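Participant: Sequence below, structure please.
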Amino acid sequence: MAVIDIVDQDQFTKLTTTDAEGKLLSLYFHTEWAEPCKAMTEVFKALSEEPTQSDVSFLSIDADSNPEITELFSISAVPYFVLIQNGSILKEVSGADPKEFIKALNETKLSINNSSSTGKDQQATSTSTGNDEEEDDEEEEETEEELQERLIKLTQAAPVMLFMKGNPSEPKCGFSRQMVGILREHQVRFGFFDILKDDSIRQGLKKYSDWPTFPQLYLNGEFQGGLDIIKESLEEDPEFFQNTLQPSA
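Facilitator: Here you go, the predicted structure:
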């Protein structure tokens, strides 16, 4: 699949939401003036044309021409790569080392394929028992343990993970919009998950966090609170994000 050059935020939003359909998206942020980007642009293009990468969408984003998207991912240096799926950041790679990016891409694909294979194996087992359709559907449902494992992985997918309604470029509620604004104001790079796309995660996270509403913010895998709690934390400590994210001594 050829590289898609992003020309504006509307095109980007459509390609990463409506048209994504669960695909792995590889975002490449670059500029014309940055020398390291020249070689990485060729690597990115060559990878996109490999048959083994047909299940990946390669999006090329000029950081200077698309400041809104660049700000959305808090990009401060180029070249920079972000791998996302279903609105969630899976991995980020900074720098002009082709091997590092290729390794990250292949590892992410392997992780997705393993998860997919596990799901297919479970479905094959349930449909070969000869039980009626209703029983098959029940057996195919995600177990509490599987949901718990997914929640743990999602909350730890990035140092800062925001569970919100919609995505940062198109929040679906005012509270989510405010939380995105706070993170951007404090120049915090964050991963996000659209809870409207997965009701199991939406309901499961309420119990997992012991918090009934969204948005919910996790730092280093630990639940910090909703919008009001984060506002209060920042009032008490303007350096709340830096102090919470820094590794303990």
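
Participant: Can I take it that Glu68 is in a strand?
Facilitator: No: under the criterion used here (DSSP: H, G, I helix; E, B strand; the rest coil), Glu68 is helix, not part of a strand.

Participant: Please, where are all the strands along the chain?
Facilitator: Listed in chain order, the strands found in the chain under DSSP state E are 4-5, 24-30, 56-62, 80-85, 88-94, 160-164, 166-167, 170-171, 191-194, 216-219, 222-225.

Participant: Let's have those in JSON lines, adding mean neighbour count, mean pLDDT and distance to Lys103.
Facilitator: (Each C-beta comes from the backbone N, C-alpha and C, glycine too.) Putting the strands of the chain into JSON lines (neighbours: other CB atoms under 10 Å; pLDDT from 0 to 100; distance: least, CB to CB, whole Å) gives the following:
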{"stretch": "strand 4-5", "mean neighbour count": "14", "mean pLDDT": "94", "distance to Lys103": "23"}
{"stretch": "strand 24-30", "mean neighbour count": "23", "mean pLDDT": "93", "distance to Lys103": "13"}
{"stretch": "strand 56-62", "mean neighbour count": "20", "mean pLDDT": "94", "distance to Lys103": "14"}
{"stretch": "strand 80-85", "mean neighbour count": "22", "mean pLDDT": "90", "distance to Lys103": "11"}
{"stretch": "strand 88-94", "mean neighbour count": "19", "mean pLDDT": "84", "distance to Lys103": "9"}
{"stretch": "strand 160-164", "mean neighbour count": "24", "mean pLDDT": "91", "distance to Lys103": "23"}
{"stretch": "strand 166-167", "mean neighbour count": "22", "mean pLDDT": "86", "distance to Lys103": "27"}
{"stretch": "strand 170-171", "mean neighbour count": "16", "mean pLDDT": "83", "distance to Lys103": "32"}
{"stretch": "strand 191-194", "mean neighbour count": "24", "mean pLDDT": "88", "distance to Lys103": "20"}
{"stretch": "strand 216-219", "mean neighbour count": "24", "mean pLDDT": "95", "distance to Lys103": "26"}
{"stretch": "strand 222-225", "mean neighbour count": "16", "mean pLDDT": "94", "distance to Lys103": "28"}
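
Participant: list the buried ones in stretch 35-42?
Facilitator: Applying a neighbour-count criterion of 16 or more other CB atoms under 10 Å, one finds 37, 40-41 buried in stretch 35-42.

Participant: Among those, which are located in helices?
Facilitator: Counting by DSSP state H, the part of those found in helices is 37, 40-41.

Participant: Save the strands of the chain as JSON lines, and put in distance to Glu144 too.
Facilitator: Conversion of those to JSON lines gives the following (distance: least, CB to CB, whole Å):
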{"stretch": "strand 4-5", "distance to Glu144": "39"}
{"stretch": "strand 24-30", "distance to Glu144": "27"}
{"stretch": "strand 56-62", "distance to Glu144": "32"}
{"stretch": "strand 80-85", "distance to Glu144": "23"}
{"stretch": "strand 88-94", "distance to Glu144": "21"}
{"stretch": "strand 160-164", "distance to Glu144": "19"}
{"stretch": "strand 166-167", "distance to Glu144": "27"}
{"stretch": "strand 170-171", "distance to Glu144": "30"}
{"stretch": "strand 191-194", "distance to Glu144": "19"}
{"stretch": "strand 216-219", "distance to Glu144": "20"}
{"stretch": "strand 222-225", "distance to Glu144": "19"}
